[in-house]
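Need a 3D model of the following:
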Amino acid sequence: MSATADQYDVIRKPIITEKATMVSEAGAVVFEVAIDSTKPQIKDAVEALFGVKVKAVNTSITKGKVKRFKGQLGKRKDVKKAYVTLEDGNTIDVTTGL
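The predicted structure is shown next:
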């Protein structure tokens, strides 16, 4: 039971944007993941949660912007995205819940 809880901690949520939709046509899915997660952890979590075979995992970290919140300076959190490429014949429908 704790293994699945750890996997849910690694993968936060799917990212559904214009760019993510373009990438999905090439057989990839984009997830927001924990900032300290590694590529092997992401691969294991996706394979366990969705029951698919993962070909590759690419990651990118977007640094949080400095913005004003109610007149005060604040900083948005850093976000790590994982572009998960799936083996041929495997799909994940991110529009439905788990």
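
Tell me the secondary structure of Ile35, please.
Look at Ile35: counting by DSSP: H, G, I helix; E, B strand; the rest coil, its state is coil.

start the count at 46, not 1, going forward
Done: numbering now begins at 46, and the last item shifts to Ile80.

you'd agree it is up against Ala127?
No: if you go by Cβ atoms under 8 Å, Ile80 and Ala127 don't touch, sitting 11.2 Å apart. The way it works is simple: take the backbone N, C-alpha and C, and place the C-beta from them, glycine included.

And those two? Which one has more around it.
Set Ile80 next to Ala127 and count neighbours by other Cβ atoms under 10 Å: Ala127 wins out with 26 against 11.

so how far is Arg113 from the more buried one?
Using Cβ to Cβ, to the nearest Å, one gets 30 Å for the distance from Ala127 to Arg113.

tell me which residues of stretch 63-77 are tucked away?
65, 68-69, 72-76 (16 or more other Cβ atoms under 10 Å).

no wait, stretch 94-112
For stretch 94-112, by 16+ other Cβ under 10 Å, it's 95, 97, 99, 102.

Switch those residues over to TSV; also include distance to Val139 and pLDDT.
What follows is the buried residues of stretch 94-112, written out as TSV (distance: Cβ to Cβ, whole Å; pLDDT from 0 to 100):
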residue	distance to Val139	pLDDT
Phe95	10	87
Val97	12	90
Val99	15	92
Val102	16	95
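
now, which of the residues you listed lie within helices?
Cross-referencing the buried residues of stretch 94-112 against helices under DSSP state H gives Phe95.
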